[in-house]
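Return atomic coordinates for the entry below.
(one chain, ligands or ions: 2)
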Amino acid sequence: MINPRLFFSASVASVFLAASVLAGIESKAPRPPRAAFQVPLPLLPVLEPTSRDATTDYYDVTMQVGQKEILSGRLTTIWGYNGLFPGPMIRAQRNRPVVVRQLNNLQESMSVHLHGGHTPPESDGLPYDLVGPGARKTYTYPNNQAAATLWYHDHAIDTTGRHAYMGLAGMYVISDPAEDGLGLPSGKSDIALMLQDRLFNFDGSLNYPLTDSTITTGVVGDTLLVNGAVQPYFQVARRKMRFRIVNASNARIYTLALSTGEPLVQIASDGGLLSAPASRSAIVVSPGERIEVVIDFANYALGTSLILRNQNTLFNPAIADVMRFDVVRDEVDNSSVPATLAASVTKRARRVDATPVNRTFTLEANTLNGRPVWTVNGKLYDVQRVDVSPRLNATEVWTFQNNSGLPHPMHIHDIHWQILDVNGVAPAPGDAGPKDTFLVPGRAMGVPGTVRVMGTFTDNVGDYVSHCHNLEHEDHAMMFNFQVQP
Ligand code: C2O
Ligand code: CU
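Ligands and ions are numbered 1, 2, ... in the order given. Take a look at the predicted model:
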């Protein structure tokens, strides 16, 4: 394998060389500035329904080309839901269905997946359930699940990595009365943050380098975006604020922490609230995962700036700063973070089926015609093959055993799971909530990394997928089908 560090630095150096030569001849424009904390945090626009009736909210979304000034003085062509990067946020209520009519105005086939949605197969956005150029598909989301931070993104077979990278990703938030009753920070103090890293060409266009090296490592950017802005700043009041964070990067794993050394108070993970708030000095968020944290800026004096840091240095280049919070004003704060968040999570965690069905999935690197591929149980993804067939209402324990040296953020569609252990150790409280995506550590010192998760297949029967959420691994076959039997 080519050493990815060598590969990246060589290619970056040649891009700079070419760029400076071009700049000298063709234009006086300097390299676009990418200094941190130059632009304010953009808030994600909330999509208005086209119509509502007694039971349902209806939305219309078009997948289309858009342009956005991400780097100062450059326009970047993106593919976005409604032409936006990131896509508009959809806000849903538990048990109130949402219908999204998607029109594909792009030149390639698409599939829209609601990540974290407990969705019937026909609306799940499976990789082979494609919407061709010019075609429409109506997705129905029942929202019969707890309040949670979800996201939607493209899931077209073999091309998810490039499609998501071009901008086809947006947030989807479900609320419910139980959560509303807790008094958590809400309204202007409830902020969604979508983290993505990207590479840009000199003209501002997105650079998606798909090579043997990036199929192995995943595509990693040198520029960190939060809600589509380069490492922004955000002016906040001296009060508690809730942040819903999704790692929408193709491959980069973040270890988030505050520059002040104060812990982050985590209140939720992928599938919704934790049983109780968990104070954590740093939180690992791998691609596809969501965390919700509360930061109490009343702990800081007016004029304080604190940085949300990324302590993960294993990706090249390492990017240490995510965004900056500037404490600029006082504000009355009536919100609270109760000591008990979700009683049902604890109950669910205690319920262990006497005879769960056990299945094991081994994760491995392989080659096909000399090119790198990724396998599950030694097999490449095959649309036609049903790999496992759990029964409706069965409780199953799935063991992911990682024989490769790289970690894999595994994602399972349809239901939420409880992590039993990671390398044999029970999860930290913040990782003990409902999960649909979890990082399976790499093989170390000859010992495979393992994660065991337990889940119960409720409500839905039919076809789903599970796959690595490193999108280049997913596109290079690290995926399998499961079919829930009635
Ligand atoms: Cu976020 Cu099957 O993916
Ligand atoms: Cu992977």
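
where does the protein dip in pLDDT?
1-33, 344-354 (pLDDT under 70).

Let's see that with 80 instead.
1-33, 343-355 (pLDDT under 80).

which parts of it sit against ligand 1?
113, 115, 153, 155, 288, 411, 413, 465, 467, 469 (CB under 6 Å from any ligand atom). Quick note: C-beta positions are derived from backbone N, CA and C, even for glycine.

who's in contact with the last one?
Residues counted as contacts of residue 469 (CB atoms under 8 Å, 6 or more residues apart in numbering) are 286, 287, 288, 409, 410, 411, 437.

Check the residues you listed against residue 70 and report the nearest one.
Nearest to residue 70, judged by CB to CB, of the contacts of residue 469 is residue 287 at 20.0 Å.

Give me the spatial nearest neighbour of that closest one, chain neighbours excluded.
Of all residues not flanking residue 287 in the chain, residue 469 sits nearest, at 4.5 Å (CB to CB, 6 or more residues apart in numbering).

The one you found and residue 91, how far apart?
Per CB to CB, to the nearest Å, residue 469 is found 24 Å from residue 91.

try residue 459
Distance from residue 459 to residue 91, by CB to CB: 22 Å.

Do you have the strands of the stretch 1-150 of the chain handy? List them.
Assigned by DSSP state E, counting those that start in this stretch, the strands in the stretch 1-150 of the chain fall at 51-52, 57-68, 76-81, 90-93, 98-104, 112-115, 136-141, 148-154.

could I get the second one in CSV with only the CA atoms?
Spelled out, that is strand 57-68. Written as CSV, here are the backbone C-alpha positions of strand 57-68 (Å, rounded to 0.1, in the frame of the first residue of the first chain):
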residue,chain,number,x,y,z
ASP,A,57,-46.5,17.1,6.8
TYR,A,58,-45.6,17.2,3.1
TYR,A,59,-42.3,18.5,1.8
ASP,A,60,-40.9,18.9,-1.7
VAL,A,61,-37.2,18.8,-2.3
THR,A,62,-35.1,19.0,-5.5
MET,A,63,-31.7,17.5,-5.8
GLN,A,64,-29.8,20.1,-7.9
VAL,A,65,-26.6,21.9,-8.7
GLY,A,66,-25.9,24.9,-6.6
GLN,A,67,-23.1,27.4,-6.0
LYS,A,68,-21.8,28.6,-2.7
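
what angle do that strand and strand 148-154 make?
Angle of strand 57-68 versus strand 148-154, following axes from the mean of the first three to the mean of the last three CA atoms, to 10 degrees, is 60 degrees.

Please spell out which residues along strand 57-68 are buried.
57, 59, 60, 61, 63, 64, 66, 68 (16 or more other CB atoms under 10 Å).

How about the first one, nearest residue that isn't a chain neighbour?
Put plainly, it is residue 57. Closest to residue 57 by CB to CB, 6+ apart is residue 49, at 4.3 Å.

okay but that neighbour is in contact with residue 91, surely?
No: Residue 49 lies out of contact with residue 91 (CB atoms under 8 Å); the separation is 9.7 Å.

Could you check which residue of the chain lies nearest ligand 1?
residue 115 (3.4 Å; CB to the nearest ligand atom).

hang on, the earlier thing: sitting in strands, which of the residues of the chain next to ligand 1 do you find?
113, 115, 153, 411, 465, 467 (DSSP state E).

Most neighbours among the residues you listed, which one is it?
residue 467 (27 neighbours; other CB atoms under 10 Å).

do you know how far that one is from residue 452?
Relative to residue 452, and taking CB to CB, residue 467 is found at 18 Å.

again with residue 386
23 Å.

With neighbour numbers in mind, choose between these two.
A direct count of neighbours by other CB under 10 Å for residue 386 and residue 452 places residue 452 higher, at 19 against 12.

who does the more buried one bridge with?
Beta-bridge partners for residue 452, by DSSP bridges, are residue 399, residue 421.

residue contacts, it?
Residue 452 sits next to 397, 398, 399, 400, 419, 420, 421 when contact means CB under 8 Å, 6+ apart.

Same check on residue 342?
Counting by CB under 8 Å, 6+ apart, residue 342 has contacts 146, 178, 272, 273, 274, 275, 433.

who wins for neighbours among these?
Busiest of those [other CB under 10 Å] is residue 433, holding 31 neighbours.

doesn't residue 272 make contact with it?
Yes: using CB under 8 Å, residue 433 is in contact with residue 272, at 7.1 Å.

quick one: the strands in the stretch 301-450 of the chain?
305-310, 321-330, 357-368, 371-376, 395-402, 408-412, 418-422, 437-440, 449-456.

Minimum distance to residue 184: which of those has it?
Among the strands of the stretch 301-450 of the chain, strand 321-330 sits nearest to residue 184 (CB to CB), with 18.3 Å.

who's in contact with the residue nearest to residue 57?
Residues near residue 49 by CB under 8 Å, 6+ apart: 57, 58, 59.

Phi, psi for it please.
phi -60, psi 150 (degrees, to the nearest 10).

Start at 26, not 1
Sure, I'll start numbering at 26, so the last one becomes residue 74.

show me where this protein has helices.
29-51, 185-190, 202-205, 237-242, 368-375, 496-500 (DSSP state H).

buried ones in the shortest one?
What it means is helix 202-205. For helix 202-205, burial by neighbour count (16+ other CB under 10 Å) applies to 203, 204.

give me the number of residues near residue 323?
Around residue 323 there are 14 residues (other CB under 10 Å).

who's in contact with the closest residue in space to it that isn't next to it in sequence?
Leaving aside its chain neighbours, residue 323 sits nearest to residue 263 (4.6 Å; criterion: CB to CB, 6+ apart). By CB under 8 Å, 6+ apart, residue 263 lies in contact with 322, 323, 325, 327, 352, 354, 355, 356, 358.

Quick check: the two most widely separated of these?
327 and 358 (14.5 Å).

Just want to know which of these two has more residues nearby.
residue 358 (16 against 12).

For the residue in the stretch 276-425 of the chain that ligand 2 sits nearest to, give its distance to residue 488.
Closest residue of the stretch 276-425 of the chain to ligand 2, CB to the ion: residue 399 (6.0 Å). Distance, residue 399 to residue 488, by CB to CB: 21 Å.

Next: residue 476.
24 Å.

more crowded one of these two?
Neighbour count, other CB under 10 Å: between residue 476 and residue 488, residue 476 has more, with 24 against 19.

who are the neighbours in contact with the more buried one?
424, 425, 435, 444, 446, 447, 448, 463, 464, 465, 466 are the contacts of residue 476 under CB under 8 Å, 6+ apart.

roughly how far apart are it and residue 489?
For residue 476, the distance to residue 489 - CB to CB - is 19 Å.

what's the answer for residue 72, then?
Residue 72 is 26 Å from residue 489, by CB to CB.

repeat for residue 258
41 Å.

what about those two, which has more around it?
residue 489 (22 against 18).

so what's the more buried one up against?
146, 149, 151, 437, 438, 439, 506, 507, 508, 509.
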